[in-house]
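Peer 1: Quick check, what structure comes out for this input:
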Amino acid sequence: MAIDMNVYKLLVIGDSDLLIHWVRGEWAVKNPKIIPYVQYMQNLCKMFRKIEFRHTPRIHNELADALATIALMIKHPDTDYIDLLDIELKEHPVHCSYVESEPDSLPWYFDIKRYLESVTYPEDATSNNKKSIHRMALNFFLNTQVLYRRTPDLGLLRCVDAAEAVRLIEQIHT
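Peer 2: A predicted model of the protein is given here:
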């Protein structure tokens, strides 16, 4: 497709370290079934003025996951037609999980925080509830009184209740 669109510079980002090294010629291909595919890719590479292959770990491959999801959701009657996507990259990543309401006036993370503080469960917790709280707590980190959620890339997201979320949103938008 890139060749048909007369692209002369191409950046290929893949999450398979093995494939990236094979195509770059840095690693030998030992599986005879794979050799023709790698040779075909190397021949295609000659059709570009500049082509770069870059490895990105799966954990950092949100864009590819998002594009794959979009591709599965959109069915176009003309399979040769592709709408252009305008992708805007923000300077600072922002992560948000939305919780609609807090009916008991406790923050959504109350049980997780209490578990991390004192390894106690709600009084009415069933065995399954206890397992769920324990399992969820593995993804959280408590620093004094501030609760953080660990991201897959080991970043930390600060957990806030509804009132603090409103205050932060107002602060950001003023």
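Peer 1: Any stretches of the chain with poor pLDDT?
Peer 2: The chain contains residues with pLDDT under 70 at 58-59, 61, 63-65, 67-68, 71-103, 154, 174.
Peer 1: how about the strands in it?
Peer 2: 9-14, 50-55, 140-143, 146-150, 156-158 (DSSP state E).
Peer 1: Given the shortest one, what are its sheet partners and their directions?
Peer 2: Each strand pairing with strand 156-158, determined using DSSP bridges, is listed with its direction: strand 146-150 (antiparallel).
Peer 1: Any buried residues in the partner strand, and which?
Peer 2: Leu147, Arg149 (16 or more other C-beta atoms under 10 Å). Every C-beta, even on glycine, is put in place using the N, C-alpha and C of the backbone.
Peer 1: Touching, Val7 and Lys50? I think so.
Peer 2: No - checked against C-beta atoms under 8 Å, the pair Val7 and Lys50 is beyond contact range at 10.2 Å.
Peer 1: neighbour-wise, which of the two wins?
Peer 2: Neighbour count, other C-beta atoms under 10 Å: between Val7 and Lys50, Val7 has more, with 13 against 9.
Peer 1: who's in contact with the more buried one?
Peer 2: Residues counted as contacts of Val7 (C-beta atoms under 8 Å, 6 or more residues apart in numbering) are Phe48.
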